[in-house]
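Student: pasting the sequence and the predicted coordinates here, then a few questions.
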Amino acid sequence: MPANHPGRQALRYLPVLPAVVLLAVFLAGPVLWAFHASLTNAGLTGRHARNPEWVGLENYQRLLQDPAFPLSLALTVLFVAGSAILGQNVLGLALAVLMRRARPAVSATVGTAVVAAWVLPEIVAAFAAYAFFSRDGTLNQLLGAAGLAEGDWLYAVPMVAVILANVWRGTAFSMLVYRAALNGVPAELTEAAQMDGASAWQRLAFITLPVIRGSIATNLMLVTLQTLAVFTLIWVMTAGGPANGSTTLPVLAYQEAFKFGDIGYGTAVATVLILIGGLFGAAYLRLLREQKP
Amino acid sequence: MTARRLRTRSPWADVALLLIGACFLLPLLWLVLGSLDPAAGHATNIPQRPGLENFAAVFTPELLFRPLWNSLLLAAGTGVVTLTAAVLAAYPLSRYRSRFNTPFMSAILFGTCLPVTAIMVPVYGLFVQLRLLDSMPATVLFLAATSLPMAIWMTRNFMDAVPLALEEAAWVDGASRLSGLRSIVLPLMGPGLGVVFIFVFIQAWGNFFVPFVLLLSEGSQPAAVSIFSFFGQHGAVAYGQLAAFSILYSVPVLALYAIVARGSGNALALAGAVRG
């Protein structure tokens, strides 16, 4: 087969074209457009909607001076660190470890409950979380019944509420990743350690975790990226408030672009988010390459 | 599982798991109880006089059927477009060797890392320029593009598992590449294609932000967006109906997920398709 004939080779790859066109028009295109639009004063309506003017780095200078931007950057880091890296990741691992030691019926039942929150449409999950944390919601009812202090959680500690809600919503992913990873740990390893008298904690820390460290790194990367993009949950629960108290970068970009009609400025926020995502994406690719033997 | 394994079961693990599981169920309690309670509010109450009034109230063409139909068009359309493009793209990537493959797959994988919420503002701008706002087909194409990277990865993995020798036998009998793909490869990877389709369908069905930004007129909104109609004027919310609608809207994807989880015996097919 003259496979290295250039024309023939190109022809063979013709079927890739529809996918490439879709990706170029609807993903790569908007990303490039974002870089461009963030350098203009494009607006949602009015004069600047039809004829945006080139303003250079003005939007980015405004970002640095706008107190809302560093705040929302910090809140985004807090949201990702709290709900993804600590919450989903650690709870997912704990669930996976516990499930191996529990009765099969119990672990199947609990697994279904955890997965249910994850499979629900995001808007439904967001409403359920909102009702749970709201003033006369389930959480306060439980706390009241237990004789503990009730609170208006969505106003007093909006970040805690959205972080917990996102842990509830997203832990299933980590749990599934870690269940698969633990199934891949050779039983002989842990059994040998057990014979030698290692405790359960020692086996986990010195055998299981080092063996699955590839899965841990991959999972951390994926949950970080998923959490970075969370919008619906926060928007339904707190709408970014009170007073920007839970405005993460996706919420800020949405507000600037669509509520205040400043597409140029909103796109600058979105561009920062795209760059952060790109950074993690590049790190993820490297990680996978290193994992390959 | 080997019979001689020294698996240590512990009752504490059962207790801890059940406690965590209860915490995961609590927020869903309101949804179920509220849907059965004609007088539902934020609070989770055992309904005083439980009934199906909420379900009956939302059972209208306006409230339920049209939004669900729109959701179905959106999700099924996205599934068909994604799967078609993914199968076509996966074929050369799986069957031919070329130095083009690795960079392409890396770029695709990189695409899965793009935070979709971040590109909604530029996508809105693009749709305005191309006069595509409120267009269902254009929204389908965008949703298909966002799920394509993952779908191509999954599809290629499934296709790699079909031995080339089977196809070669068909070629010897005079079959073309295309008929080989259609009569040999696709049937053998049928369950895998089902997983990819359902995976894309569930994502599109549950997506809120994309139709929220791109589909403006009431007649084209899917259930994820029309759900806001339960927030009436002056902040009055029909909570019971909201809960009932939420359940009716969620049931199809819960059922689809159950099919995949049971069929493939590995729910991770949905989650971890990109693990390299």
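Tutor: Cool, the structure landed.

Student: and A:L228, backbone torsions?
Tutor: Torsion angles at A:L228 (phi, psi; degrees, to the nearest 10) stand at phi -60, psi -30.

Student: could you find the closest non-adjacent residue to it?
Tutor: Once flanking residues are discounted, A:L228 sits nearest to B:P115: 5.2 Å by CB to CB, 6 or more residues apart in numbering or on different chains. C-beta coordinates here come from the backbone N, C-alpha and C atoms, glycine included.

Student: residue nearest the centroid of chain A?
Tutor: Nearest to the mean C-alpha position of chain A, by CA atoms, centre = their mean, lies A:T227 at 1.5 Å.

Student: that older thread, list the contacts for the residue nearest to A:L228?
Tutor: B:P115 makes contact with A:L225, A:L228, A:A229, A:P250, A:L273, A:I274, A:I276, A:G277, according to CB atoms under 8 Å, 6 or more residues apart in numbering or on different chains.

Student: wait, what's in contact with the residue lying closest to A:A125 once chain neighbours are set aside?
Tutor: In space, A:A125 comes closest to A:R169 once its chain neighbours are excluded; the distance is 5.1 Å by CB to CB, 6+ apart. By CB under 8 Å, 6+ apart, the contact list for A:R169 reads A:A117, A:W118, A:E122, A:A125, A:A129, A:L233.

Student: got these as JSON lines, with secondary structure columns?
Tutor: Formatted as JSON lines, those follow (DSSP: H, G, I helix; E, B strand; the rest coil):
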{"residue": "A:A117", "secondary structure": "helix"}
{"residue": "A:W118", "secondary structure": "helix"}
{"residue": "A:E122", "secondary structure": "helix"}
{"residue": "A:A125", "secondary structure": "helix"}
{"residue": "A:A129", "secondary structure": "helix"}
{"residue": "A:L233", "secondary structure": "helix"}
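
Student: and the pLDDT at the residue nearest to A:L228?
Tutor: Predicted confidence (pLDDT) at B:P115: the value is 86.

Student: dihedrals phi and psi, it?
Tutor: The phi/psi pair for B:P115 (degrees, to the nearest 10) is phi -70, psi 110.

Student: now it: how far from B:S147?
Tutor: Look at B:P115 and B:S147: by CB to CB, to the nearest Å, they are 15 Å apart.

Student: got it, and A:A125?
Tutor: 19 Å.

Student: more neighbours, those two?
Tutor: A count of neighbours by other CB atoms under 10 Å in any protein chain shown puts A:A125 above the other of A:A125 and B:S147, at 28 against 24.

Student: contact partners for that one?
Tutor: Counting by CB under 8 Å, 6+ apart, A:A125 touches A:A117, A:A165, A:W168, A:R169, A:L233.

Student: would you mind giving the residues you listed as TSV with pLDDT added?
Tutor: Putting these into TSV (pLDDT from 0 to 100) gives the following:
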residue	pLDDT
A:A117	92
A:A165	97
A:W168	97
A:R169	95
A:L233	95
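
Student: count the residues that sit near B:L141.
Tutor: Residues near B:L141, counting by other CB under 10 Å, number 20.

Student: let me fix that, I meant to ask about A:G278.
Tutor: Using other CB under 10 Å, A:G278 has 16 neighbouring residues.

Student: let me see the confidence value for it.
Tutor: 89.

Student: that one and B:G21: what is the separation?
Tutor: Distance, A:G278 to B:G21, by CB to CB: 37 Å.

Student: in chain A, which residue sits closest to chain B?
Tutor: Here chain A gets closest to chain B at one residue, A:G281, 3.1 Å apart by CB to the nearest CB.

Student: surely A:A42 forms part of a strand?
Tutor: No - A:A42 is assigned coil when assessed by three-state DSSP, not a strand.

Student: ok so, going back, pick the one among the contacts of A:A125 closest to B:V260.
Tutor: Set against B:V260, the nearest of the contacts of A:A125 by CB to CB is A:A117 (17.1 Å).

Student: contacting residues around that closest one?
Tutor: Taking CB under 8 Å, 6+ apart as the criterion, A:A117 is in contact with A:A125, A:W168, A:R169, A:T171, A:A172, B:F24, B:P27, B:L28.

Student: can you give me the helices for the stretch 51-200 of chain B?
Tutor: Counting by DSSP state H, counting those that start in this stretch, the stretch 51-200 of chain B has helices at residues B:53-58, B:66-95, B:101-112, B:120-129, B:136-160, B:164-172, B:177-180, B:186-188, B:190-206.

Student: right, is the shortest one up against chain A?
Tutor: No - using CB under 8 Å from any CB of the partner chain, helix B:186-188 never reaches chain A; the gap is at least 13.3 Å.

Student: same question, stretch B:82-92
Tutor: Yes - Stretch B:82-92 reaches chain A (CB under 8 Å from any CB) through B:T84, B:A85, B:A86, B:L88, B:A89, B:Y91, B:P92.

Student: so does stretch B:195-207 get close to chain A?
Tutor: Yes - Stretch B:195-207 lies within reach of chain A by CB under 8 Å from any CB, at B:I202, B:W205, B:G206, B:N207.

Student: so where is chain B shaky, pLDDT-wise?
Tutor: Confidence mapping of chain B against pLDDT under 70 gives the ranges B:1-8, B:232-236, B:263-276.

Student: starting at the chain centroid, how far to stretch B:155-175?
Tutor: Counting by CA atoms, centre = their mean, to the nearest Å, stretch B:155-175 is centred 29 Å from the centre of its parent chain.

Student: sorry, back to before: what's the neighbour count on the residue lying closest to the residue nearest to the centre of chain A once chain neighbours are set aside?
Tutor: Spatially, and ignoring its direct neighbours in sequence, A:T227 is nearest to A:A84 (3.8 Å; CB to CB, 6+ apart). A:A84 sits with 27 neighbouring residues when counted by other CB under 10 Å.
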